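J.: predicted model and sequence below, questions to follow.
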Amino acid sequence: MVESTLPTTVRLTGIQCSTAHITHADNSLLFHASHQREEYGAAEWIHFSGTGYLLRLSAWEYPLLRLKRMGLSKPCRRLIVRLMQLHGIDLLHLDAAGDVLPTFATFDW
């Protein structure tokens, strides 16, 4: 592994996992949010990737509060908060081809 000379403020940390960790309602909510056309809308930090969603969690100071206000399910928010706490992630890619993470809730939709 090569030691990075870049400052930590310019690096991003991310994880990719399966969309099985979100509910069908979460999927609908994220799809709608990622396709908003308004300025300063959710589409600036929630991006549709074709097979899932890329969430830029570092775009807001309290991203989980914003996701809660949007209506994202508690299991999905728990997944995000644990990944942020354990791994310090800035990006989360929820992808249909991603791996299912052990110990987190999954949904068959």
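T.: Ah, there it is. Just so it is clear, the model here is predicted, and its values are computed rather than measured.
J.: excluding chain neighbours, give the residue nearest to residue 96 in space.
T.: In space, and not counting its chain neighbours, residue 96 is closest to residue 51: 4.4 Å by CB to CB, 6 or more residues apart in numbering. The way it works is simple: take the backbone N, C-alpha and C, and place the C-beta from them, glycine included.
J.: residue 96: what's it in contact with?
T.: If you count contacts by CB atoms under 8 Å, 6 or more residues apart in numbering, residue 96 has them with 18-19, 51-52.
J.: follow-up on the earlier one: burial of the residue nearest to residue 96, as a residue count?
T.: Residue crowding around residue 51 was assessed by other CB atoms under 10 Å; the count is 12.
J.: show the contacting residues for it.
T.: 19, 95-97.
J.: same question, residue 99
T.: 16-18.
J.: host element of it?
T.: Assigned by DSSP states H and E, residue 99 belongs to no helix or strand.
J.: ok, it to residue 106 distance?
T.: Relative to residue 106, residue 99 is positioned 11 Å away (criterion: CB to CB, to the nearest Å).
J.: shared neighbours, these two?
T.: By the contact definition CB under 8 Å, 6+ apart, residue 99 and residue 106 are jointly contacted by residue 18.
J.: for whichever helix in the chain runs longest, buried residues please.
T.: For the chain, the helix that runs over the most residues, judged by DSSP state H, is helix 74-87. Neighbour-count burial for helix 74-87 flags 75-77, 79-80, 83-84 (criterion: 16 or more other CB atoms under 10 Å).
J.: what are the ranges of the strands in the protein?
T.: Ranges of strands in the chain, per DSSP state E, are 14-18, 46-48, 52-56, 91-95.
J.: tell me the helices and strands packed up against the last one.
T.: What it means is strand 91-95. Counting by 3 or more CB pairs under 8 Å, 6 or more residues apart in numbering; DSSP states H and E, the packing neighbours recorded for strand 91-95 are strand 14-18, strand 52-56.
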